[in-house]
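A.B. asks: Requesting a structural model of the entry that follows:
(one chain, ligands or ions: 1)
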Amino acid sequence: MHENYKVNSLIERWNVDVQSYRSGAKTLASVPQCETCTNYIRGNALHCNCYNSERKPKYVLFPKKECPAYYNNSPINLKIQNDRENKIYGGLFGFCVGDALGVPVEFSTREEREKDPIKEMRAYGTYHQPFGTWSDDTSLTICLIDAINRGYSIKKVAENFVNFYEKGYFTPYGDVFDIGNSTRNAIIEICAGISPIECGGRAEIDNGNGSLMRILPIAFYGKKLSGQELIQLTEEVSSLTHGHNRSKLACIFYVEFAIQIILGYEKEKALDRTIDFINSNCVKAYFGEFENFKKILSKKIVNLTKDEIKSSGYVIDTLEAVLWTFFHANGYRDTILKAINLGGDTDTIAAIAGGIAGIYYGLNDIPQEWLQSIAKKEELYQMFEQFCVVTNT
Ligand SMILES: [Mg+2]
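C.D. replies: As a prediction, this is how the structure comes out:
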């Protein structure tokens with residue numbers, strides 16, 4: 001009798017949660033929902049670790065995966081042997097964790113985030129996904145990592161993109177629930193047999209943040225290349241989906257900035273050195289774009305107020321939001337929460353900012369409860385371990 005009461009009450013609570021999420025309402029914060037694992041759900045989320053799957057009502061998705069305790073029951077132990085690994089794991093996990101924290105509130109407005117700021121990992125929301133679900137940003141980033149691990153070629157990256165789009169490879173649960181228009185159009189072109197570097201849109205309208213959000217691995221893979229080689233590689237990887245100069249220059253800027261952070265420079269020095277790099281190497285090919293990067297290239301970005309930062313999916317807005325957040329936050333957690341609470345393209349901005357912050361502050365600064373809740377963390381770890389080996393040349 002007691003047993004039945006417990007299960008029913010849990011289902012009832014779930015039902016209320018699911019219905020309220022579907023109608024866009026908020027659930028109560030800090031309600032203890034499970035008497036078995038005694039896990040408290042902070043913020044809002046569905047649950048639970050002790051759920052009997054035979055009794056699962058249809059409207060409850062992914063039993064067990066909804067509870068962070070489920071992941072915490074099988075934590076991965078990341079072994080870091082040196083500063084280099086600390087930066088690679090910090091950057092790559094920092095990226096995925098930022099993505100996963102931003103996914104439930106993607107497209108929310110800044111006003112909504114100010115009223116209900118993100119403080120912890122949440123589940124459900126925009127795409128109705130469980131805790132720790134990362135999106136296309138991470139999927140496309142690991143497509144690139146996998147291609148590098150197998151001996152980089154742009155063709156291998158393109159094949160991985162097709163497998164992601166058509167078969168759900170490189171996703172947490174086999175579904176593509178989020179993909180940008182330019183990226184989708186480019187993948188359709190790849191499928192039609194067009195040469196990969198010809199597939200990315202080159203019109204001004206094709207300057208979403210879709211290539212910037214997946215370029216980070218190039219900072220680790222290409223850091224020993226000469227300036228021109230690094231630029232060419234970055235252009236090639238961007239052009240797969242985003243061939244306009246604005247998107248390519250944003251990628252070059254971010255990759256070079258990440259390299260300066262990897263090299264150990266402080267934030268401001270890294271920014272100075274990146275601006276010098278752009279001025280020395282990109283004037284000829286990209287001068288027409290410099291006007292669009294003026295807040296960044298003049299370093300004005302560092303002193304702007306929050307109201308002057310837009311956090312849309314436009315590549316310039318995204319890069320500005322990332323840099324602004326990185327310069328205004330202290331620590332990994334603060335960076336991610338500041339990025340997400342700008343609203344807008346929360347997952348991508350938090351992922352890109354999380355990549356830089358993860359490199360800068362190191363793996364150990366990423367909160368364990370966030371890291372351990374990440375979907376497919378073992379598989380990601382394996383892939384990153386191999387990436388560490390491959391890029392250590
Ligand atoms: Mg996304």
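
A.B. asks: So which bits of the stretch 51-200 of the chain are right by the ion?
C.D. replies: For the stretch 51-200 of the chain, the contact set with the ion under Cβ under 5 Å from the ion comprises Ser135, Asp136, Asp137, Asp178. To be clear about C-beta, it is placed using only N, CA and C from the backbone, and glycine gets the same treatment.

A.B. asks: out of the residues you listed, which is most surrounded?
C.D. replies: Neighbour tally across those (other Cβ atoms under 10 Å): the maximum, 32 neighbours, falls on Asp137.

A.B. asks: which residues sit against the strand or helix carrying that residue?
C.D. replies: If you go by DSSP states H and E, Asp137 is part of helix 136-149. Residues from elsewhere that reach helix 136-149, judged by Cβ atoms under 8 Å, 6 or more residues apart in numbering: 92, 95-96, 99-100, 153, 156-157, 159-161, 164, 170-171, 176, 178-180, 183, 210, 213-218, 221, 237, 347-348, 351-352, 380, 383-384, 386-387, 390-391.

A.B. asks: Would you show me how to pick out the buried ones of those residues in ChimeraX?
C.D. replies: To isolate the buried members of those in ChimeraX, using 16 or more other Cβ atoms under 10 Å:
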select :92,95,96,99,100,156,157,159,160,161,164,170,171,176,178,179,180,183,210,213,214,215,216,217,218,221,237,347,348,351,352,380,383,384,387,390,391
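
A.B. asks: from the contacts of helix 136-149, which ones fall inside strands?
C.D. replies: Residues of the contacts of helix 136-149 located in strands (DSSP state E): none.

A.B. asks: Check for me that Val302 belongs to a helix.
C.D. replies: Yes. Assessed by DSSP: H, G, I helix; E, B strand; the rest coil, Val302 belongs to a helix.

A.B. asks: who are the neighbours in contact with it?
C.D. replies: Counted by Cβ under 8 Å, 6+ apart, Val302 has contacts Glu268, Leu271, Leu323, Trp324, Phe327.

A.B. asks: Mind doing that once more with 6 Å?
C.D. replies: Phe327 (Cβ atoms under 6 Å, 6 or more residues apart in numbering).

A.B. asks: residue contacts, the closest residue to the ion within the stretch 1-150 of the chain?
C.D. replies: At 3.3 Å from the ion, Ser135 is the closest residue in the stretch 1-150 of the chain, using Cβ to the ion. Applying Cβ under 6 Å, 6+ apart to Ser135 gives the contacts Asp99, Val103, Asp178, Asp347.

A.B. asks: In space, what's closest to it - neighbours in sequence excluded?
C.D. replies: Using Cβ to Cβ, 6 or more residues apart in numbering and skipping the chain neighbours, the partner closest in space to Ser135 is Asp178 (4.4 Å).

A.B. asks: coming back round to it: can you pick out the most distant pair from the residues of the stretch 51-200 of the chain next to the ion?
C.D. replies: Asp137 and Asp178 (8.4 Å; Cβ to Cβ).

A.B. asks: quick one: the strands in the chain?
C.D. replies: Ranges of strands in the chain, per DSSP E, are 31-32, 40-41.

A.B. asks: Isn't Ile366 up against Gly331?
C.D. replies: No. Applying Cβ atoms under 6 Å as the test, Ile366 and Gly331 come out as separate, 9.9 Å apart.

A.B. asks: Tell me which of the two has more neighbours.
C.D. replies: Counted by other Cβ under 10 Å, Ile366 and Gly331 do not tie: Ile366 has more neighbours, with 27 against 14.

A.B. asks: ok, so what distance separates Phe290 from the ion?
C.D. replies: Taking Cβ to the ion, to the nearest Å as the measure, Phe290 falls 29 Å from the ion.

A.B. asks: same question, Ile194
C.D. replies: From Ile194 across to the ion, the span is 25 Å (Cβ to the ion).

A.B. asks: Spell out which parts of the stretch 201-350 of the chain neighbour the ion.
C.D. replies: Along the stretch 201-350 of the chain, the residues adjacent to the ion under the rule Cβ under 5 Å from the ion are Asp347.

A.B. asks: For the ion, what's its nearest residue on the stretch 201-350 of the chain.
C.D. replies: Asp347 (4.3 Å).

A.B. asks: Touching, that residue and Leu101? I think so.
C.D. replies: No. Between Asp347 and Leu101 there is no contact under Cβ under 6 Å: 7.9 Å.

A.B. asks: Any idea how many residues pack against Leu304?
C.D. replies: 15.

A.B. asks: Ramachandran coordinates for Asn77?
C.D. replies: With angles defined as degrees, to the nearest 10, Asn77 sits at phi -110, psi 110.

A.B. asks: ok, how many other residues are close to it?
C.D. replies: Count around Asn77 with other Cβ under 10 Å applied: 5.
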